[in-house]
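Trainee: give me a model of this one.
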Amino acid sequence: MRKNAGRRAAPAAIAFTFFTLLPATTHAQCGSASWYALTSKTASGERMNPAAMTAAHRKLPFGTKVRVVNRRNGRAATVRINDRGPFVGGRILDLSKAAAAKLGFLRAGHTKICLEQLD
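Mentor: Model prediction:
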């Protein structure tokens, strides 16, 4: 007869996933991002400044501030949405050159990020 017969064995490992509850007005999204450094006008009407902490998003209103975290190295930056894009499939954000430098992916050209809308 087996030792502990009739008892249920405890699972060897239990995985838990914790989700942060975000306010209803917060917009959180993860995906790919790239950077661009044009000097033409943006969709908001202002001139693109590669040295500014700005970004292009398809739907967020102009002036919205978002916190962007590079998932590959953990670096974070706060940027302001002032343009529309990106127009490359699979990407959710186009960042200015300065924002890409702060996030540490200038050389790569693109990276995986998560963004969260700030109030």
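
Trainee: and the next helix or strand past the lowest-mean-pLDDT helix or strand in the chain?
Mentor: Every helix and strand in the chain was compared by mean pLDDT, DSSP states H and E; the lowest is strand 28-36, with a mean of 94. As assigned by DSSP states H and E, the chain's next helix or strand after strand 28-36 is strand 54-56.

Trainee: which elements pack onto that next one?
Mentor: Counting by 3 or more Cβ pairs under 8 Å, 6 or more residues apart in numbering; DSSP states H and E, the packing neighbours recorded for strand 54-56 are strand 76-83, strand 91-96. Backbone N, C-alpha and C define where each C-beta goes, glycine included.

Trainee: try it again with 10 Å
Mentor: Contacts defined by 3 or more Cβ pairs under 10 Å, 6 or more residues apart in numbering; DSSP states H and E place strand 54-56 against strand 28-36, strand 65-70, strand 76-83, strand 91-96, helix 97-103.

Trainee: for residue 48, give its distance to residue 81.
Mentor: Shown here: residue 48 relative to residue 81, a distance of 13 Å by Cβ to Cβ, to the nearest Å.
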